[in-house]
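J.: Got a predicted model here, sequence first, then my questions.
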Amino acid sequence: MTDEIDAASADEPGFAGFDPAPVPAATAGPTPYRVLARKYRPAHFGDLIGQGAMVRTLTNAFAAGRIPQAWMLTGVRGVGKTTTARILARALNYQTANGAGAPTTDLREFGIHCREIVEGRHIDVMEIDAASNNSVDNIRQINDAVRYAPVSARYKVYIVDEVHMLSTGAFNAFLKTLEEPPPHAKFIFATTEIRKVPITVLSRCQRFDLRRVEADQLVAHLSGICRAEGVDAEDEALAAIARAAEGSVRDSLSILDQAIAHAAGRITLDDIRAMLGLADRARVIDLFEAVMKGDIAAALGELRAQYDAGADPVVVLNDLAEFTHLVTRLKLVPDAVKDNSLAQAERVRGGDFAQRLSIRVLARTWQLLLKGISEVKQADRPVMAAEMVLVRLAHAADLPTPDEALKMLRDGSGAIPSGNGNGGGGMPRPPIGGGNTALAARPILASANPAPAPVARAVAAPAAIVASLEDVIALASQNRDIGLKLALERDVRPVRFEAGRIEFSLAEGASRTLAQDLSRRLKEWTGQTWMVAIVNEEGGATLREQAAAAKDQRENDAAAHPSVKAVLERFPGARIVDVRDPRALEAAENAAAQPSADEYLPDAEPLFDDAEPDFDGIDF
C-alpha cells in the first residue's frame, strides 16, 4: 500500500525541501498524456534549436559573470521565448544537492531547483501573464514583493509573458524597479510585439530576437522525435509539416501530434495534405506550368480538381506564390536547390523553370498573385475569384514593360524583347479558343529544347558622329523628334561641347527638363551615355538667334550692293526678303525631304509678302 502511494505521489508538486503530499491509491490512475510540445520542451540551452547566436551570448555572459538584471526576449509564436526564460531561471539558480554550484549555462545535470523551475512551479520563479495582470496595481504588488529575499533559491526571478500588454501606467510604474532592482531579483520579459514596448523599458533590458527555425532544422528535429516516439514518417511529410509551421517549433509539434493520430501508423504526405487541406505540391507545379504556358483551359481544370479534392483556393494561390518565389530564388541563387526541406519535384522542376523563365515574368507573376490572393480572401465565391486570377496571369504575365512597348512601337517590329532570348520568356502557348492567334503567338515559357526559329535581326545603323550642337539638331531631325529639334534651336545657349558632355544655359521660357530629355535621347540614338547639364554661365546665342543675325547681315550686305540699290530705286516699295546662294540650292533640294523649322513655326515670317511685288529674291 505504501509503495502504491509513493509511486502515485512521485510526480505531484510540492514545496522545495518538502515531500509532496501523498495521494490515496484509490485516486491514482495512469499517467495522463502530454502533448509533444510539452513532452519535448527544451530543458537546457543544448536542446534549443535555431538560436545559436543567443545561446553563445548568454554562455559567454555567464562565464564572464556579466549577468544583467533584465532580459527582453522577442520573436514569433512558438520559437522558445517562455522556454528560454525558464532555462535562464534554471541557469541563475543552479545548485547541486550538496549546496555547491553557481550561475552557469551547463545544465545537463538537474540541480535541486531545476525540475520545479522547468515545470513552472518553483516558489521563487514567478511567471506572470501580462495580458491579465496589466494594471498599475499588479505592478505595485511586484514592486512591494521584490524587496524580500528569495525563499530557497539564489535569485527571485520574474518571468513576464506578453509584456507588451501592460498599460502605459503599468510600464511607468515598472521603470524604477527595473532600473535598480535588489541584487537578488532578475526580470525576464517575453513578447511577440516588441514595437509596443516603450523604449524606456527596452533601454533597461538586454534584448534577444529569437529567430524562426529553418525548415531543414525543423525537419531534423521532427525526425528525431518520430524516432523517439516509434513513429514512421515520410521525409516529404515532415517537410510539409515544417513548411506549414512557418518556423514555429510549437506549431510543428502540434501538427505532428495531430498527424500521428490522423495516420494511425505511417505518416505520409497524403495524410498531411488531407489533414491540413493542402494542395499537392506536384499538382501546384502542374498548375504553375499550365499558367506559364497560357493553357487557360488546363489551368482552370486543375484548379477545379484541387478545389473538389478539398483544397482552399487561397491556399492554392499561396502555394503558387510560394513556388514562384522558389523559382526566383533558384534562378538567382542556384545553391538553394540543396535545401533539405524541398521535395524532389520542387528541386527538379523548379530548377528547370528557373533556367527557362525570365526575371521579368517571375516578378510580374508574383505581383499579380499577391494582388489576387487579397481579392480571393475578400470574395464571396473564392473559387471563382481564384479562376479569374489565373486567367489574368495567363494573359498578362508576358506583357512587355512600358519601355519595351515603346521600343516595339518605335521599331515597328512587334516582337517582345526578352532577357533570355525566348521571346516573352517561355514555351509556346497552345492556341486558346481555337482562333486567338495573337495570344498563341506570344510565348511565355520556353520548352526544354526549343527548335531553332528564324530571328529577324535589324541591321545596325552606323554610329552617328556628334561633334557639335548642329550635329545634335541634325540627329533629332533624322529621328523625327521635331519638338526636341525646335527646343534646341530656340532655347539652348551653348557653353561647352565635348565628346559625351554638353553644357548650356537656357533662354527665357525654356523647359527645365530639356537636359534630361536630351540626355535620354542621345543615349537612345548613339548608344552612349551623355552628361547634359544646365549651367549658370552666360552662353552664346541660340541657333535661331544666330540664323536671324546671319540673315540680317546678308540682307544689309545685299542692300549695299550697287546693282541692288539701283533695283530698289527703280521699283518704289520693293524690299529684300531673302538672299540666296546658288551653290546652296542643290543642297537645299536634297534636304527638302527633311522637315525644317519654318514648317513648324506658325509665327514665322513668310518669304514673300503678297502686298508687295512678287520677287524671287536676288541671286549673286
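T.: Received it, and whenever you're ready, just let me know what you need.
J.: how about the strands of the stretch 501-620 of the chain, start to end?
T.: 501-506, 531-534, 579-580, 618-619 (DSSP state E, counting those that start in this stretch).
J.: and the second one, what other elements does it pack with?
T.: On a contact count with 3 or more CB pairs under 8 Å, 6 or more residues apart in numbering; DSSP states H and E, strand 531-534 meets strand 501-506, helix 514-526. Any C-beta I mention is one placed from the backbone N, CA and C, and that applies to glycine too.
J.: For A548, find the nearest of the ones you listed.
T.: With CB to CB as the measure, strand 501-506 is the member of those nearest A548 (18.3 Å).
J.: returning to that earlier point: out of the helices and strands packed on strand 531-534, which is closest to V35?
T.: V35 lies closest to helix 514-526 among the helices and strands packed on strand 531-534, at 64.3 Å (CB to CB).
J.: could I have the closest one exported to CSV, CA atoms only?
T.: Provided in CSV are the C-alpha atoms of helix 514-526 (Å, rounded to 0.1, in the frame of the first residue of the first chain):
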residue,chain,number,x,y,z
LEU,A,514,15.4,69.8,-71.6
ALA,A,515,18.7,68.5,-70.3
GLN,A,516,17.2,65.2,-69.1
ASP,A,517,15.2,64.8,-72.3
LEU,A,518,18.3,65.4,-74.4
SER,A,519,20.5,63.0,-72.4
ARG,A,520,17.9,60.2,-72.7
ARG,A,521,17.5,60.8,-76.5
LEU,A,522,21.3,60.9,-77.1
LYS,A,523,21.6,57.6,-75.2
GLU,A,524,19.0,56.0,-77.5
TRP,A,525,20.4,57.4,-80.7
THR,A,526,24.1,57.0,-80.1
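J.: So which residues of the stretch 301-450 of the chain form helices?
T.: All helices of the stretch 301-450 of the chain, identified by DSSP state H, counting those that start in this stretch, fall at 313-332, 344-356, 359-378, 382-396, 402-411, 437-440.
J.: Pull out the buried residues from the third one.
T.: When you say that, I think you mean helix 359-378. Buried residues in helix 359-378, counted by 16 or more other CB atoms under 10 Å: R360, V361, L362, R364, T365, W366, L368, L369, G372, I373, V376.
J.: Specify which member of the residues you listed is nearest to A190.
T.: Nearest to A190 out of these is I373 (CB to CB; 31.4 Å).
J.: Assign Y148 to helix, strand or coil.
T.: Following DSSP: H, G, I helix; E, B strand; the rest coil, Y148 is assigned to coil.
J.: Could you check how far it is from P382?
T.: Distance of Y148 to P382, computed by CB to CB, to the nearest Å: 58 Å.
J.: what about those two, which has more around it?
T.: P382 (18 against 11; other CB atoms under 10 Å).
J.: of all the helices of the stretch 301-450 of the chain, which lies closest to M531?
T.: helix 402-411 (21.3 Å).
J.: For that closest one, give the mean pLDDT please.
T.: Averaged over helix 402-411, pLDDT sits at 68.
J.: With stretch 179-193 instead?
T.: Mean predicted lDDT for stretch 179-193 stands at 93.
J.: Would you mark the buried spots in that stretch?
T.: Buried, per 16+ other CB under 10 Å, within stretch 179-193: P181, H184, A185, K186, F187, I188, F189, A190, T191.
J.: do the same with stretch 546-562
T.: R554, E555, A558.
J.: Next secondary structure element downstream of the helix or strand of the chain with the lowest mean pLDDT?
T.: Scoring the helices and strands of the chain by mean pLDDT, DSSP states H and E places helix 437-440 at the bottom, with a mean of 36. Sequence-wise, the next helix or strand downstream of helix 437-440 (DSSP states H and E) is helix 469-478.
J.: could I get the helices of the stretch 301-450 of the chain as TSV with distance to A305?
T.: Listed next are the helices of the stretch 301-450 of the chain as TSV, based on distance: least, CB to CB, whole Å:
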stretch	distance to A305
helix 313-332	11
helix 344-356	17
helix 359-378	17
helix 382-396	11
helix 402-411	36
helix 437-440	24
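J.: from these, which stretch is densest packed?
T.: helix 313-332 (a mean of 21; mean count of other CB atoms under 10 Å).
J.: Could you tell me the angle between that one and helix 344-356?
T.: 60 degrees (axes from the mean of the first three to the mean of the last three CA atoms, to 10 degrees).
J.: What lies in contact with helix 313-332?
T.: With CB atoms under 8 Å, 6 or more residues apart in numbering as the test, helix 313-332 has contacts from 277-279, 281, 284-285, 287-288, 291, 303, 306-307, 336-337, 342, 346, 350-351, 353-355, 357, 359, 362-363, 365-366, 369-370, 372-373, 376-377, 382-383, 385-386, 389.
J.: Tell me the spacing between the closest residue to G50 other than its chain neighbours and S254.
T.: Using CB to CB, 6 or more residues apart in numbering and skipping the chain neighbours, the partner closest in space to G50 is V213 (3.7 Å). The spacing between V213 and S254, counted by CB to CB, is 14 Å.
J.: Also A559?
T.: As defined by CB to CB, A559 lies at a distance of 102 Å from S254.
J.: now R554
T.: Where S254 is concerned, R554 sits at a distance of 94 Å (CB to CB).
J.: Equivalent analysis for R520, please.
T.: Using CB to CB, one gets 58 Å for the distance from R520 to S254.
J.: possible to save the buried residues of stretch 179-193 as TSV with secondary structure and distance to Q69?
T.: TSV is the format used below for the buried residues of stretch 179-193 (DSSP: H, G, I helix; E, B strand; the rest coil; distance: CB to CB, whole Å):
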residue	secondary structure	distance to Q69
P181	coil	5
H184	coil	11
A185	strand	7
K186	strand	6
F187	strand	7
I188	strand	10
F189	strand	12
A190	strand	16
T191	strand	18
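J.: Take those and write them to CSV, including distance to E162.
T.: Converted to CSV, the buried residues of stretch 179-193 look like this (distance: CB to CB, whole Å):
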residue, distance to E162
P181, 21
H184, 25
A185, 20
K186, 19
F187, 14
I188, 13
F189, 9
A190, 7
T191, 6
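J.: closest to V219 among those?
T.: Using CB to CB, A190 comes nearest to V219 of the buried residues of stretch 179-193, at 26.2 Å.
J.: So for stretch 91-100, first residue to last residue, what's the gap.
T.: Terminal residues of stretch 91-100 lie 14 Å apart, using CA to CA, to the nearest Å.
J.: now stretch 45-60
T.: OK, stretch 45-60 end separation, CA to CA: 13 Å.
J.: for the stretch 1-150 of the chain, what spans make up the helices?
T.: Under DSSP H, counting those that start in this stretch, the stretch 1-150 of the chain gives helices at 2-9, 36-39, 52-64, 81-92, 114-118, 136-145.
J.: closest one to E508 among those helices?
T.: Nearest of those to E508, taken as CB to CB: helix 52-64 at 63.5 Å.
J.: average model confidence for the closest one?
T.: 91.
J.: Outside of it itself, list whatever touches it.
T.: 45, 48, 67-68, 84, 88, 91, 103-105, 208, 210-211.
J.: Skipping adjacent residues, who's closest to W366 in space?
T.: Closest to W366 by CB to CB, 6+ apart is T324, at 5.2 Å.
J.: Give me the distance between that neighbour and F497.
T.: T324 is 49 Å from F497, by CB to CB.
J.: Could you do R250 as well?
T.: Noted for R250: a distance of 70 Å to F497, by CB to CB.
J.: Could you check which of these two is surrounded by more residues?
T.: R250 (19 against 16).
J.: Without its sequence neighbours, what residue ends up closest to the more buried one?
T.: Per CB to CB, 6+ apart, closest to R250 is G78, 3.2 Å.
J.: still on that earlier bit, would you reformat the helices and strands packed on strand 531-534 as TSV and include distance to P313?
T.: As requested, the helices and strands packed on strand 531-534 are exported to TSV (distance: least, CB to CB, whole Å):
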stretch	distance to P313
strand 501-506	57
helix 514-526	44
